[in-house]
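I'd like to go over a predicted model; first the sequence, then the structure.
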Amino acid sequence: MRYVTRQSLCRRRILLGLLAVWLRCLGRASPTGPAIIHAGNDAAGFAAVPHTVFAESAEEALTQYARLQAGGRTLTAGSSRADTRVVVVNDIAGHFEVLAGVLFTLYRMRRGQQAAAASSIRLARPRVLFTGNPRGPTLNGLMDWLGQDVGNDAEWHALGSGPGGAAAADAPGDRGAGSAAGVDGAWRTPADVVVCVSAELAPKVCAAAVAGVQPQLLVVIVHRADTHTKNSKFLALHPQATRIMALAPHVANLSSHMLKRPVDWSMPVAPFVPAQPCLSKDCLQGFSIQGALRRYKSKHGNGFTRDYGALWARMLELRMQGMAVPPVVVVGKGERRHLMLPRELESSVTFHPWLKYQDFWMLIHRSYALVPAFGMPVYYESRISSTILASLITCVPVIAEQRLLDTYTFLSEEHVFLRQPDEDEAAAMARIAALPEQAIFAKREALCELRGQIDARVDRVLGGYLAEASKAR
């Protein structure tokens, strides 16, 4: 065991049971500087990895360590014993938008606790574990979207090719990487809460994180409920205490029914704030369709998750009827050939694949509205649509039918362009483009206000989980 302050370093290894040696070591240190105690946690299987206590004084560090040793636990690095330690895990690149929302929420909570001296819980700087390209958050523009304040408020750890993706690789880049990022196993210090962004689809990395940090509580974020059963694998990741948070009300309702247990809903949102916001129709450029050009196969048939073909056909019909067809911008991952775009619409449709987040959101921000173009009914039944999240991130409304409002019940007519009876998406586009400027931008203002209300809900739901874990320590 070692006791350290900023003023001095006691390097002598001593036996745990000898109080006299403890006092002799403590006597060489300042009583006021922050204190760190390193110790192995054999019970958790990490004897080779040092863990850390960070207290405000020698006396506090000694008291904390003695209490935790009696309970078989060790404190984590870089935080006071009063701080709640959070690890956020993401194993699917397409879920970085949700990861961003979680990090922005934690940053908002941490900023709020600094302003409020009597905060109910205090959060330590979160750790982020992610798979894929170690520099992915920099290369895909995630760090630019989050900004320095949010990005640098977390410690980033890229997970490599170890069992369950558990071996740490290089840090994501110059920004947002904590001092321990990139060090093999550096993230393996105890935490109070693990938030797994993609555990229902990729449970192995979440399992490795839970095993590595031994949390009090696991939070699983749910994107889809159509594959859930009472025996779903993610339920066994941390059976002692797991909380499930769906991203939309209909997903929570079905998930709760399938899992036979309570499921909350809230949608963490990281806002896009353009450097030069579009505030008039002069800078609006058509309509946006976002999302990966991805095929699906099911017992009901197969096709693309977005029904481009039906939209193109209606746009051609409108053109033949002499109506002006507004331009369409398609942003997402995939290849242009998968759009199956008719030659007659080549000049009306532009495709921007694999954009960085800032450019991606900016193209949506400069469009009149988002076109869902759903190619499968699951977005009304069991899954969250990324188009709805994109609408809240950018405050750009979607073109909606009543069924969408009945499903995403936090939305109302003031937040969307509601289709008229017997009106399809293409006809709605032509009508919306002719609306007065005030009518268009009023919906954006309403969406931004709604985003604030959803933020408050996330703070209550996720904050409740954090408080629960804090009390359980």
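Right, received. Where do you want to start?

Could you pull out the strands in the stretch 151-300 of the chain for me?
155-158, 193-196, 217-222, 242-246, 264-265, 287-290, 295-298 (DSSP state E, counting those that start in this stretch).

And the pLDDT at the residue nearest to residue 94 when sequence neighbours are not counted?
Spatial nearest neighbour of residue 94, chain neighbours left out: residue 292 (6.6 Å); criterion: CB to CB, 6 or more residues apart in numbering. All C-beta spots, glycine's among them, are computed from the backbone N, C-alpha and C. Per-residue pLDDT puts residue 292 at 75.

what's the answer for residue 113, then?
Taking residue 113 on its own, its pLDDT is 83.

Now do the phi/psi pair for it.
With angles defined as degrees, to the nearest 10, residue 113 sits at phi -70, psi -30.

Give the burial count for residue 242, as a bare number.
For residue 242, the neighbour count with other CB atoms under 10 Å is 19.

now swap in the one 3 residues further on and tell me
Residues near residue 245, counting by other CB under 10 Å, number 23.

go on, residue 314?
The number of residues packed near residue 314 is 16, by other CB under 10 Å.

where's it relative to residue 191, distance?
51 Å (CB to CB, to the nearest Å).

With residue 228 instead?
For residue 228 relative to residue 191 (CB to CB), the value is 26 Å.

And the two? Which one has more around it.
Remark: of residue 228 and residue 191, residue 191 carries more neighbours, 27 against 23, as counted by other CB under 10 Å.

mind listing what that one touches?
By CB atoms under 8 Å, 6 or more residues apart in numbering, the contact list for residue 191 reads 76, 85-87, 127, 213-215.

Just the buried subset of these, written out for PyMOL, thanks.
In PyMOL syntax, the buried subset of the contacts of residue 191 is picked out as below (16 or more other CB atoms under 10 Å):
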select buried, resi 76+85+86+87+127+213+214+215
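
In helices only, show me the contacts of residue 191.
residue 213 (DSSP state H).

which other helices and strands contact the helix of greatest length in the chain?
Ranked by residue count, the top helix of the chain under DSSP H comes out as helix 437-471. Here helix 437-471 touches strand 83-84, helix 96-115, strand 193-196, strand 217-222, strand 242-246, helix 386-394, going by 3 or more CB pairs under 8 Å, 6 or more residues apart in numbering; DSSP states H and E.

Buried ones in that helix, by neighbour count?
For helix 437-471, by 16+ other CB under 10 Å, it's 440-441, 443-444, 446-447, 450-451, 454-455, 458-459, 461-463, 465-466, 468-470.

now that helix against strand 242-246, angle please.
If you take axes from the mean of the first three to the mean of the last three CA atoms, to 10 degrees, helix 437-471 sits at 180 degrees to strand 242-246.

so where do the helices sit in the stretch 251-400 of the chain?
With DSSP state H, counting those that start in this stretch as the criterion, the stretch 251-400 of the chain has helices at 308-320, 357-365, 378-381, 386-394.

now the helices and strands packed on helix 437-471 as a markdown table including distance to residue 328?
Formatted as a markdown table, the helices and strands packed on helix 437-471 follow (distance: least, CB to CB, whole Å):
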| stretch | distance to residue 328 |
| --- | --- |
| strand 83-84 | 46 |
| helix 96-115 | 22 |
| strand 193-196 | 36 |
| strand 217-222 | 31 |
| strand 242-246 | 31 |
| helix 386-394 | 14 |
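
Need the winner for burial among these.
Most buried of the helices and strands packed on helix 437-471, by mean neighbour count (mean count of other CB atoms under 10 Å): strand 193-196, with a mean of 28.

low-confidence ranges in the stretch 251-400 of the chain?
Applying pLDDT under 70 to the stretch 251-400 of the chain picks out residues 294-304.

Straight-line length of stretch 187-196, end to end?
Using CA to CA, to the nearest Å, the end-to-end distance of stretch 187-196 comes out at 15 Å.

Quick check: mean pLDDT of that stretch?
The pLDDT scores in stretch 187-196 average 96.

Can you tell me the centre-most residue of this protein?
Note on the chain: the residue nearest the mean C-alpha position is residue 99, at 1.9 Å, using CA atoms, centre = their mean.

Report the residue ranges of every domain in this structure.
2-71, 84-270+453-471, 281-435 (automatic domain parsing).

Pick the most buried one from the ones you listed.
Highest mean neighbour count of the domains of the chain: domain 84-270+453-471, a mean of 20 (counted as mean count of other CB under 10 Å).

Any idea how far that one is from the middle of the chain?
On the basis of CA atoms, centre = their mean, to the nearest Å, domain 84-270+453-471 is displaced by 7 Å from the centre of the chain it belongs to.

distance between the ends of it?
Domain 84-270+453-471 has an end-to-end distance of 10 Å (criterion: CA to CA).

again, but for stretch 196-208
Stretch 196-208 has an end-to-end distance of 11 Å (CA to CA).

hmm, who's touching it?
The contact list for stretch 196-208 (CB under 8 Å, 6+ apart) reads 88-92, 95, 98-99, 102, 129, 131, 159, 162-166, 194, 209, 218-224, 227-228, 232-234, 237.

how close does residue 190 get to residue 219?
Distance from residue 190 to residue 219, by CB to CB: 16 Å.

same thing with residue 268?
11 Å.

likewise residue 389?
Residue 389 is 18 Å from residue 219, where distance means CB to CB.

on that earlier part again, what residues are shared contacts of residue 268 and residue 219?
Shared contacts of residue 268 and residue 219 (CB under 8 Å, 6+ apart): residue 462.

Could I get the pLDDT score of residue 61?
Reported pLDDT for residue 61: 40.

Apologies, that question was intended for residue 93.
We note a pLDDT of 87 for residue 93 in this prediction.

Repeat that for residue 472.
For residue 472, the pLDDT comes out at 87.

Please name the nearest non-neighbouring residue to it.
Residue 472 sits nearest to residue 216 (CB to CB, 6+ apart), 4.6 Å away.

With residue 110 instead?
Leaving aside its sequence neighbours, residue 110 sits nearest to residue 123 (CB to CB, 6+ apart; 5.0 Å).

list the contacts for residue 274?
By CB under 8 Å, 6+ apart, the neighbours of residue 274 are 361-362, 365.

Check residue 106 too.
Contacts were defined as CB under 8 Å, 6+ apart; by that measure residue 106 touches 86, 88, 123, 126, 153-154.

ok, now how distant is it from residue 83?
Counting by CB to CB, the gap from residue 106 to residue 83 is 12 Å.

Kindly report the same for residue 102.
Distance of residue 102 to residue 83, given as CB to CB: 18 Å.

swap in residue 359?
Using CB to CB, one obtains 37 Å as the distance from residue 359 to residue 83.

rewinding a little: any idea how far residue 97 is from the residue nearest to residue 472?
Residue 216 is 27 Å from residue 97, by CB to CB.

wait, the residue nearest to the centre of the chain sits on residue 130?
Yes - counting by CB atoms under 8 Å, residue 130 is a contact partner of residue 99 at 7.3 Å.

For these two, list the residues in contact with both.
Joint contacts of residue 99 and residue 130 (CB under 8 Å, 6+ apart) are residue 90.
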